[in-house]
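K.L.:
curious how this folds, go ahead:
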Amino acid sequence: MGTRARDDDGDFGSGNGKGQSMIASCADWFTAGGTLLIAALAIWGDHLRAWLWRPMLTLEEPDEKGHFTFDSNGRRLWYCHLIVRNRRPWCPARNCRVLLRAASRRGPDGRYDKPIQLYSVLQFMWSFPSFTPLTPMVVRNQPADLGVLGKDADAFRPLPYFAPAYFNGDVAKDQSILYEVEVEAENFVPTEPVFIEVSWDGQWSEDPEEMRKHLRVVWNPGEAGAI
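P.N.:
Numbering: from 1, shown residues only. Have a look, this model is predicted:
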């Protein structure tokens with residue numbers, strides 16, 4: 001009577017049959033799982049890619065906190081900017097905008113409890129607007145204009161592309177306004193807004209460091225919760 005051959009570790013050949021059966025079962029599971037994954041990607045692939053490969057935009061204060069320039073008539077100007085930074089440059093932000101969501105003027109008690117009338121959001125102007133689309137694609141960094149103060153002017157003026165006649169968002173002498181600013185894009189959902197406090201003592205200086213003391217721009221001040 002014949003005997004079954006043993007395999008290398010001394011077990012009878014039936015062990016190989018069980019192992020092969022297990023391998024076949026695993027292969028079937030992987031095949032089924034792969035089929036389901038392909039089907040899911042076909043149905044929800046665009047949404048998945050939009051969630052995984054989307055830009056990460058932040059609004060940041062530039063290193064140079066204001067600078068001098070001139071207008072077409074040769075008048076001296078002091079410009080303040082903000083920077084839109086995309087921390088995922090491999091995922092460009094499409095149709096990007098920087099928006100003024102709200103603004104409040106500081107009252108005598110130091111609190112920003114006097115809302116400025118604003119029926120709709122305003123879009124801040126991109127720097128070099130003659131060469132920059134209204135809603136550009138942001139790959140890395142894109143500067144925008146927060147506002148400007150002209151020499152002999154009576155107020156700091158924020159710089160949206162369009163401001164309705166009723167909008168009173170200028171910062172005059174001894175005034176302070178808190179602006180609520182947000183960045184948005186076609187493939188980016190805004191998170192937390194940035195609060196920017198602009199205060200002016202009515203003075204002008206040709207020295208940049210002194211000018212930054214006269215026109216103070218503070219990002220996310222402690223009173224932001226009062227807006």
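K.L.:
show me what contacts the closest residue to Cys80 other than its chain neighbours?
P.N.:
Counting by CB to CB, 6 or more residues apart in numbering, Cys80 lies nearest to Leu146, which is 4.4 Å off, once chain neighbours are set aside. To be clear about C-beta, it is placed using only N, CA and C from the backbone, and glycine gets the same treatment. Applying CB atoms under 8 Å, 6 or more residues apart in numbering, we find Leu146 in contact with Cys80, His81, Leu82, Phe124, Pro158, Leu159, Tyr179, Ile196, Val198, Val217.
K.L.:
out of those, which sit inside strands?
P.N.:
Among the contacts of Leu146, DSSP state E puts Cys80, His81, Leu82, Pro158, Tyr179, Ile196, Val198, Val217 in strands.
K.L.:
take these and lay them out in JSON lines including pLDDT and neighbour count.
P.N.:
Formatted as JSON lines, the ones in strands among the contacts of Leu146 follow (pLDDT from 0 to 100; neighbours: other CB atoms under 10 Å):
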{"residue": "Cys80", "pLDDT": "97", "neighbour count": "23"}
{"residue": "His81", "pLDDT": "97", "neighbour count": "20"}
{"residue": "Leu82", "pLDDT": "96", "neighbour count": "25"}
{"residue": "Pro158", "pLDDT": "97", "neighbour count": "25"}
{"residue": "Tyr179", "pLDDT": "97", "neighbour count": "26"}
{"residue": "Ile196", "pLDDT": "97", "neighbour count": "25"}
{"residue": "Val198", "pLDDT": "98", "neighbour count": "23"}
{"residue": "Val217", "pLDDT": "97", "neighbour count": "20"}
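K.L.:
perfect, I'm done here.
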